[in-house]
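what follows is a protein structure lacking sequence information:
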C-alpha cells in the first residue's frame with residue numbers, strides 16, 4: 001500500500017522501518033522539527049537514509065500541511081508516536097483516512113502519560129488502541145485493541161519496551177491491512193467510561209510516604225526508568241528507581257514511621273511506609289547519575305534518618 005507516515009522518536013522509527021520492510025510504498029514522512037540543541041529525530045534520520053520525501057513542519061493544522069498531504073496521493077495515513085495535533089483535513093485526505101497508535105485501552109487513560117497511570121493506579125492490565133484521530137484528544141473511533149497484563153513488579157520500562165512497543169508496531173501493520181482492505185470495524189468510544197490524565201510531572205511523581213506501601217511501590221514502578229519518583233534524603237532531592245516492596249501484616253514488625261530510613265545495607269536503603277517497607281536498590285541524586293542505593297548511603301554517611309515531609 002501507499003502510505004503517508006507521521007511519527008517521532010524510537011517508536012516512530014521502528015514503525016516506519018516495519019512498513020518499509022513489509023514492502024509498502026512510503027510516499028512521504030512527517031515529523032516535528034527538532035528544537036535547537038536536541039538530538040536528531042530517529043524518524044528524520046530513517047527517512048533520509050531511505051531517500052523518502054520528508055516534511056518537518058511547525059504545524060500540521062495549516063494549509064501547507066494539508067497541501068503536502070494532498071500531493072502525496074496516499075492510500076492511508078499512519079500516525080505512530082506523534083507530537084503535533086493535525087487538522088481533520090490533513091488526516092482525512094488519504095483515500096482510507098488515517099490511523100493512530102495510543103498505548104492504552106481507550107477510552108481509558110487518554111492523554112500523554114497513558115502507560116504510567118495504569119501502573120500508578122494499581123491496574124492489573126492495560127493495552128493499546130489503534131483509532132481514528134479526531135479533533136478531540138484520543139477520542140476517535142477504535143479500530144483495533146490489544147490487551148496485556150501488568151505484573152505486580154513490572155515497571156514502566158517493562159510494560160513499554162517489552163510489550164507495548166513491539167506489539168504496537170505489529171498492531172499498526174495489522175490495522176493498516178484491515179482498513180485498506182475494508183475488513184475493519186470502527187467502534188465509537190464510550191464517553192461514560194472515559195478517563196483522562198495529564199503528564200507525570202514533578203508533583204505527580206513525588207513520593208508521599210503517608211500513603212499505603214502499595215501506592216508508593218506502584219508510583220515508583222510507574223516512574224521507572226523515567227522520570228523517576230522522588231523524595232528528599234537529608235535535604236537532598238533523590239529520584240528512586242529499582243526497588244522491592246516488603247509487606248508487613250503484624251504490628252510487631254513495624255520498625256519506624258512512614259518515610260523513615262529503617263535500615264541501610266551494602267546494596268539498599270529501606271524506608272518505612274504504611275503497611276510495609278520499600279527497599280530502594282537504585283537511585284539518582286538530582287543533577288547526578290544513577291547509582292546503587294548502598295553506594296549513595298556510604299557516600300553521604302547516612303544512618304537511619306527521616307526521608308522528608
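That came in fine, so what should we check first? No experiment lies behind these values; they were computed from the predicted model shown. Numbering: from 1, shown residues only.

what about residue 114, how many residues close to it?
23 (other Cβ atoms under 10 Å). Placement of C-beta: from N, CA and C, glycine included.

pLDDT score for it?
On pLDDT, residue 114 comes in at 97.

cool, the one 4 residues further on as well?
The predicted structure scores residue 118 at 98 on the pLDDT scale.

need the longest helix for the protein.
Assignment by DSSP state H gives helix 165-181 as the longest helix of the chain.

list the buried residues for that one?
Neighbour-count burial for helix 165-181 flags 165, 167, 168, 169, 171, 172, 173, 175, 176, 178, 179, 180 (criterion: 16 or more other Cβ atoms under 10 Å).

then stretch 10-20?
11, 12, 13, 14, 15, 16, 17, 18, 19, 20.

tell me the contacts of the last one?
Contacts for residue 20 (Cβ atoms under 8 Å, 6 or more residues apart in numbering) come out as 26, 50.

wasn't residue 278 part of a strand?
Yes: counting by DSSP: H, G, I helix; E, B strand; the rest coil, residue 278 falls inside a strand.

name the nearest residue to it, ignoring sequence neighbours.
residue 271 (4.7 Å; Cβ to Cβ, 6 or more residues apart in numbering).

pretty sure that neighbour contacts residue 263?
No: the pair residue 271 / residue 263 is not scored as a contact, 9.1 Å apart, by Cβ atoms under 8 Å.

quick one: which of the two has more around it?
Neighbours were counted for residue 271 and for residue 263 using other Cβ under 10 Å; residue 271 has more, 27 against 14.

any weak-confidence spans in the stretch 201-309 of the chain?
For the stretch 201-309 of the chain, the stretches flagged by pLDDT under 70 are 249-255, 304-309.

for the residue lying closest to residue 133 once chain neighbours are set aside, pull up the helix or strand it's in.
Nearest non-adjacent residue to residue 133, counting by Cβ to Cβ, 6+ apart: residue 100, 4.5 Å away. Element membership for residue 100, per DSSP states H and E: strand 98-102.

what's the closest non-adjacent residue to the residue most central in space within the chain?
Of all residues in the chain, the one closest to the mean position by Cα atoms, centre = their mean is residue 115, 4.6 Å from it. Of all residues not flanking residue 115 in the chain, residue 103 sits nearest, at 5.1 Å (Cβ to Cβ, 6+ apart).

repeat for residue 62
residue 87 (7.7 Å).

out of the buried residues of stretch 10-20, flag the one nearest to residue 222.
residue 11 (18.6 Å; Cβ to Cβ).

contacts only, for the closest one.
Neighbour list for residue 11: 80, 81, 101, 165, 168, 169 [criterion: Cβ under 8 Å, 6+ apart].

let's see 7 Å
Contact analysis of residue 11 by Cβ atoms under 7 Å, 6 or more residues apart in numbering lists 80, 81, 165, 168.

residues contacting the last one?
Applying Cβ under 7 Å, 6+ apart, one finds that residue 168 lies in contact with 11, 101, 103, 128.

how many neighbours does the residue nearest to residue 62 have?
Residue crowding around residue 87 was assessed by other Cβ under 10 Å; the count is 17.

now it: how far from residue 163?
Residue 87 sits 32 Å away from residue 163, taking Cβ to Cβ, to the nearest Å as the criterion.

which stretches of the stretch 1-150 of the chain form helices?
9-22, 42-49, 63-72, 88-92, 116-120 (DSSP state H, counting those that start in this stretch).

my guess is the residue nearest to residue 62 contacts residue 66. True?
Yes: contact criterion Cβ atoms under 7 Å: residue 87 and residue 66 qualify, at 6.4 Å.
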